[in-house]
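# How does the following fold in three dimensions:
(2 chains)
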Amino acid sequence: MKRDAVRAGLAALLLVPLIAAGCSFDGGAGGGNGDGYPTKGIEYVVPFAPGGGVDLVARAVSEYASKEWGVPVNVVNKTGGGGAVGAEYALKQAKKDGYTVLADNVSSTSMLVSGMKQPPVTLEDRQLTSRIVLDPIAFAVKADAPWKDMKEFTEWVKAHPDQLTWTSVGPAGTSAFGVADWLSAVGVDFSKTRMVATTGAADSLPKVAGGHATLAVHTVAEVYPLASAGKVKILGVQAEERSPYLPNVPTLKELGIEGVNVKWWTGLTVPKGAPDAVVKKWESTLQKMVKDPAFLEKMKTLHMEVSYQDAQTFTGFVLDEAKYYTELAEARGMRK
Amino acid sequence: METLGLLLSGFAEALTWPNLLVVALGALVGTLVGVLPGLGPTSAIAILLPLTTVLPPTQGIIMLAGIYYGAMYGGSTTAILLNIPGEVSSVPTCLDGYPLARQGRGGAALGVAAVGSFVAGSLAVVGLVLFAPFLADQAIKFGPPEYFALMVMALTVIVNLAGSSLLKALTMGVFGYLLSLVGIGPSSGMPRMNVDNSAWTGGFELVSLIIGLFAITEVLKGLEEKKTAIVSAKIKSVYPSRADLKQSFKPMLRGGVLGFFMGLLPGCSPAVSTFLSYDLEKRVSKHPEKFGQGAIEGVAAPESANNATSSAGFIPLLALGIPASPPLAILLGGLMIYGLAPGPTLFAQHGEFVWTVIASMFIGNAMLLVLNLPLVRMWAKLTQVPYGILAPIILLLSVIGAYSVRASLFDVTVAVVFGGLGWLFHKFRWPVIPFVLCFILGPLLEQSLIQSMAMSAGSPWIFFQRPISLTLMILSVLLLFFAWRLKRRTERRVVQEVGEDVDLHEH
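Numbers count the residues shown, from 1 in each chain, chains lettered A, B, ... in the order given. This is a model prediction of the structure:
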């Protein structure tokens, strides 16, 4: 008797967390024309690791939408392949009924299709619904580096292109496009500089702070913690206006560097072929969300800038961007 | 002195009932999650992150932190009792923990693991209190060439863990390395060896390989042996004896110190510190031949190193906002959600929060000990559960564990295939430890090599021009030499004692 009780207790103990884990993965099957959407849980695929920029915005969106609609919107991280694995799952493998949606960003869209001649997912596979956040790109160097701003740094790079090392997750990563865009704008031979391949901002920024690489190009939200810790110095941001979080850092334009266009953004995408009602529903909900004080406060704590675009404007924006990057990538030999 | 005052006020805050409750809950959930193969701290924290919208910041973070180090501790339980590492970092714990369990001394091994985790975890938190900003600055100086040299040093462990044939071990190592290459190449950003399959493009997930090679293989072995239970004899004593603790004390300290320094280095897998500390113990031991046969030091050292590593990981996290491992990256996400941007400003602006979290880590470590020592009796009984009941549960947990890491069915298939392979490896005595080690080290080695070459414009001299990497390189050569000598000596001793050549690292 006693042994049976022990066994039952053990089994119960082992099963509790499993049930808890199992509950967070519902949603999936179903379909129709999208009337009354959503009637059940939605799987919100984030193709990047938890804790990153895309993930944090997606979690804020999921919280808002779950409350607004009264159905669970569950963030599921499907990582790998620089965002391609999760994107392929959400756009091509899952049902196109609106119950699987994708947290998209610049590197899983424009940069993916311009960096690869045969990308696993294309722009035609997706229906962009809304852009949510646009985070400016910041150029950061070691805290005690000799340059005051991007102007001085650019002069140095013009004189010593072969001494410039910069970090990126790969030759088609956001940082690589940022560097290529800047160097072509100031007329420096991109191929003379060297890329130090890293696994992301958390890997790259300490390398720059420690002096192992010269330059890191990341979003303001990513650079902010180490910059405020005094370990890296931000020489300039690539944006129309100064970042509200870095009021003392000039934009590249202010410093006389024109023609740099790289931007980091994240938005929400559904598979091409999903019902129209689904797109409309997300569009109207997200439009409301970006005015919600609680959501805005959250973005502020993340040091991110809200910049909404509806489906039509957003699609045009991404198509233009992809064209721009493809030309840039081809000219620099980055397209493979 | 000022630090001490701040810490004490942190304790005052952490010792309030609601805070104590969330620490206990975090440590308990963490232990349970750690026990389940595959469901590691990363998935647990990710699943529970939405809780942060309900709890106030301090409670949210101390609970997530509790889950983190609780899971690091819990990973050892199944490693010792069932030969199934709950986490990658518990793989070295299997080597001696499982033989101990089969001798009916599983309880002693678990007890030593609990005490070691407590001692090393507390030591690491002391280090965190005293030197956090200083150490974080030092960690940044560790650049790609230093990482490369460190990984080379970790590779020398293979010789020591090779088992009966160095050739077989190296072959398995190469196999592990090749498999780690599948996916996106770090410098090209292009898929490689992906057989035109999108699942392969994502690469193989270490956790599913471990689940296959250990958990599923173990079930297959049990079926083959018609095992009735892991321990059929009566369990002698559930708790470690005074002699066990005395024997383990120095390994705990050595493992703790080694683990602490490794934990400061972002991106360095905790498995590297546990393997290195196991290796270190075997080297300094007076009876290396007992390792792999149930040496209690072989459990004490890696378990201590493991907990010290996870606690030390909070130093770069809190001081600079650099997450040293995937679970800490999610914890960083949690901090960001609360608007608590890490860095020196965090200490200055939210001092009360930081010191409460640090104090809660002391309390959490103590709680893990209190929670786990009584549980040891229950866990130890697990080894007497009829295998007919245990085996299906292990298989079920394996499938869920493999799936949960990336929510991918491909990973489940991989786990099952490697379960079968693992059984064949066991049958024909091909050691799996070098396979796992090279799979872990391969990408780290490649990444740091490529980074170093980019820094030096292709000159390999960079590894010998920087003092830290040069020292590590020289150390690697020395270690290789001593490992070879130790292996010869150990083999001779085993032959003398047993009178025959036995497989040293069979499991």
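# quick one: stretch B:345-360 near chain A?
Yes. Judged by C-beta under 8 Å from any C-beta of the partner chain, stretch B:345-360 and chain A are in contact via residue B:345. Placement of C-beta: from N, CA and C, glycine included.
# Could I get the buried residue list for that stretch?
B:346, B:347, B:350, B:353, B:354, B:355, B:356, B:357, B:358, B:359, B:360 (16 or more other C-beta atoms under 10 Å in any protein chain shown).
# thinking the second one is in contact with residue B:354, fair?
In this case it means residue B:347. Yes. Assessed by C-beta atoms under 8 Å, residue B:347 is found in contact with residue B:354 at 5.5 Å.
# tell me, what's touching those two both at once?
With contacts defined as C-beta atoms under 8 Å, 6 or more residues apart in numbering or on different chains, the residues shared by residue B:347 and residue B:354 are residue B:318.
# Of the buried residues of stretch B:345-360, which belong to helices?
Using DSSP state H, the members of the buried residues of stretch B:345-360 that fall within helices are B:346, B:347, B:353, B:354, B:355, B:356, B:357, B:358, B:359, B:360.
# can you pull the contacts of the first one?
Yep, that's residue B:346 we're talking about. By C-beta under 8 Å, 6+ apart, residue B:346 lies in contact with B:318, B:340, B:353, B:354.
# Okay, now the unreliable bits of chain A?
Applying pLDDT under 70 to chain A flags the ranges A:1-33, A:80-81.
# Would you map the strands across it?
Remark: strands assigned in chain A by DSSP state E are A:42-46, A:73-77, A:100-105, A:126-135, A:137-142, A:165-168, A:194-197, A:215-219, A:232-238, A:264-271, A:306-309.
# Give me the angle between the fourth one and strand A:215-219.
The reference is to strand A:126-135. Interaxial angle, strand A:126-135 versus strand A:215-219 (axes from the mean of the first three to the mean of the last three C-alpha atoms, to 10 degrees): 110 degrees.
# now the fifth one
Per the same axes, to 10 degrees, the angle that strand A:137-142 makes with strand A:215-219 is 140 degrees.
# who in the stretch 101-250 of chain B is up against chain A?
Residues of the stretch 101-250 of chain B lying near chain A (C-beta under 8 Å from any C-beta): B:139-144, B:183-184, B:186-191, B:198-199, B:201-203.
# mind redoing it with 7 Å?
B:140-141, B:143-144, B:183-184, B:186-191, B:198, B:201-203 (C-beta under 7 Å from any C-beta of the partner chain).
# Between all of those residues, which two are separated the most?
Between any two of these, the greatest separation by C-beta to C-beta is 39.7 Å, found for B:141 and B:198.
# before we move on, back to that, of the buried residues of stretch B:345-360, which is the nearest to chain A?
Closest to chain A out of those is residue B:346 (8.7 Å), distances taken as C-beta to the nearest C-beta.
# how far away is the closest one from residue A:227?
14 Å (C-beta to C-beta, to the nearest Å).
# swap in residue B:274?
Applying C-beta to C-beta to residue B:274 and residue A:227 gives a distance of 34 Å.
# Looking at these two, which is more packed in?
residue B:274 (31 against 22; other C-beta atoms under 10 Å in any protein chain shown).
# Got phi/psi on that one?
Main-chain dihedrals, residue B:274, degrees, to the nearest 10: phi -70, psi -40.
# for it, what are its contacts?
Residues in contact with residue B:274 (C-beta atoms under 7 Å, 6 or more residues apart in numbering or on different chains) are B:89, B:92, B:302, B:305, B:306.
# same thing but 10 Å
Counting by C-beta atoms under 10 Å, 6 or more residues apart in numbering or on different chains, residue B:274 touches B:75-76, B:85, B:87-93, B:255, B:258-259, B:262, B:301-306, B:309.
# before we move on, what about residue B:419?
Going by C-beta under 10 Å, 6+ apart, residue B:419 touches B:211-220, B:395, B:398, B:402.
# State whether residue B:180 is indeed within a strand.
No. Counting by DSSP: H, G, I helix; E, B strand; the rest coil, one finds residue B:180 to be helix, located in no strand.
# Which pLDDT does the model give it?
Residue B:180 is assigned 90 on the pLDDT scale.
# Could you measure from it over to residue B:152?
For residue B:180 relative to residue B:152 (C-beta to C-beta), the value is 16 Å.
# Buried ones in the strand or helix carrying residue B:134, by neighbour count?
Using DSSP states H and E, residue B:134 maps to helix B:106-141. For helix B:106-141, a neighbour-count test (16+ other C-beta under 10 Å) marks B:106-125, B:127-129, B:132, B:135-137, B:139-140 as buried.
# how far off strand A:137-142 does that helix point, in degrees?
Orientation of helix B:106-141 against strand A:137-142 (the same axes, to 10 degrees) gives an angle of 90 degrees.
# sorry, back to before: among the contacts of residue B:419, which two are most distant?
Across the contacts of residue B:419 (C-beta to C-beta), the longest gap, 15.6 Å, separates B:220 and B:402.
# Tell me which of the two has more neighbours.
Each of residue B:220 and residue B:402 has its neighbours counted (other C-beta under 10 Å); residue B:402 has more, 31 against 19.
# Put together JSON lines for the buried residues of stretch B:345-360, with pLDDT on each row.
Below are those laid out as JSON lines (pLDDT from 0 to 100):
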{"residue": "B:346", "pLDDT": "77"}
{"residue": "B:347", "pLDDT": "76"}
{"residue": "B:350", "pLDDT": "80"}
{"residue": "B:353", "pLDDT": "86"}
{"residue": "B:354", "pLDDT": "86"}
{"residue": "B:355", "pLDDT": "87"}
{"residue": "B:356", "pLDDT": "88"}
{"residue": "B:357", "pLDDT": "88"}
{"residue": "B:358", "pLDDT": "87"}
{"residue": "B:359", "pLDDT": "88"}
{"residue": "B:360", "pLDDT": "88"}
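# Closest one of those residues to residue A:70?
Of all the buried residues of stretch B:345-360, residue A:70 sits closest to residue B:353, with 33.5 Å by C-beta to C-beta.
# Over to the residue nearest to the spatial centre of chain B. Which of the three states is it?
Closest to where the C-alpha atoms of chain B average out (C-alpha atoms, centre = their mean) is residue B:89, at 1.8 Å. Secondary structure, three-state DSSP: residue B:89 is helix.
# Do I have it right that it meets residue B:269?
Yes. The criterion here is C-beta atoms under 10 Å, and residue B:89 meets it with residue B:269 at 7.5 Å.
# Pull up the overlap in contacts between the two.
Shared contacts of residue B:89 and residue B:269, defined by C-beta under 10 Å, 6+ apart, comprise B:275, B:309, B:325, B:440.
# Buried residues in the one helix or strand residue B:170 maps to, which are they?
Counting by DSSP H and E, the element that carries residue B:170 is helix B:166-181. By neighbour count on 16+ other C-beta under 10 Å, the buried set for helix B:166-181 is B:168, B:169, B:172, B:173, B:175, B:176, B:177, B:179, B:180, B:181.
# now stretch B:50-66
In stretch B:50-66, counting by 16+ other C-beta under 10 Å, buried: B:50, B:52, B:55, B:57-66.
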